[in-house]
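K.L.:
sequence plus predicted model, see below.
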Amino acid sequence: MNRALAIALVSAQVLLLLALALLPHGGLWPVNLGVVVAAIVLALAGAVFAVLGVLGLGPALTASPIPREHAPLVTTGVYGLVRSPIYTGLMIGGLGLVLLGGSVWHLVAWLALLLLLAGKARWEERMLVAEHPDYAPYGTRVGRFLPGVGRLKP
């Protein structure tokens, strides 16, 4: 059951990211040079943040939200700023795609991505708390997606 849910969540995440990239352009706002520059900056910042999260995990990296057994708990580097930097990077990069897309459907897909990643992170964190005794104290100090925001209650 957990494996099937993990595959479904990752698949939905990929589909939402593809939707953000492939949906037709809308006309909610004009796409001028300022919007393009902001979109590129957000997309690059999101990509850098996500890659730093991937590299920071080392042997704990998995495509699934189910943590690897006996993998070390990573709390340094970008994980010292936020608990879910890969998800944060996807959210930031996705916002860049929304700016370029300029449609209601882009906004809907991005909001669905935010909700999906928030739910996925909460599920993942329950498993991490069970696996790592140090996760709960770490979570009380470090925000989930933004520094200081979404900390676990002691």
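P.N.:
Thanks, I have the structure now. Given the structure is predicted, the values throughout are model-derived calculations rather than measurements.

K.L.:
who are the contact partners of Arg83?
P.N.:
Listed by CB atoms under 8 Å, 6 or more residues apart in numbering, the contact set of Arg83 reads 121, 125, 138-139, 142-145, 150. C-beta: built from backbone N, CA, C; applies to glycine.

K.L.:
same thing but 10 Å
P.N.:
53, 74-75, 121, 124-125, 128, 135, 138-139, 141-145, 150-152 (CB atoms under 10 Å, 6 or more residues apart in numbering).

K.L.:
what of Pro59?
P.N.:
Residues near Pro59 by CB under 10 Å, 6+ apart: 68, 70-72, 74.

K.L.:
select from those residues the one having the most neighbours.
P.N.:
Ranked by neighbour count (other CB atoms under 10 Å), those have Val74 at the top, with 20 neighbours.

K.L.:
separation between that residue and Arg83?
P.N.:
10 Å (CB to CB, to the nearest Å).

K.L.:
list residues touching both of these two?
P.N.:
Common neighbours of Val74 and Arg83, counting by CB under 10 Å, 6+ apart, are 53, 138.

K.L.:
now the biggest helix by length in the chain: buried residues?
P.N.:
When the chain is parsed with DSSP state H, its longest helix is helix 104-131. Using 16 or more other CB atoms under 10 Å as the test for burial, helix 104-131 gives 106, 109-110, 112-114, 116-118, 120-121, 123-125, 128.

K.L.:
what lies in contact with whatever helix or strand comes next after that helix?
P.N.:
Counting by DSSP states H and E, the next helix or strand C-terminal to helix 104-131 is helix 135-141. The contact list for helix 135-141, computed with CB under 10 Å, 6+ apart, reads 67, 73-75, 79-80, 83, 125-129, 132, 148, 150-154.
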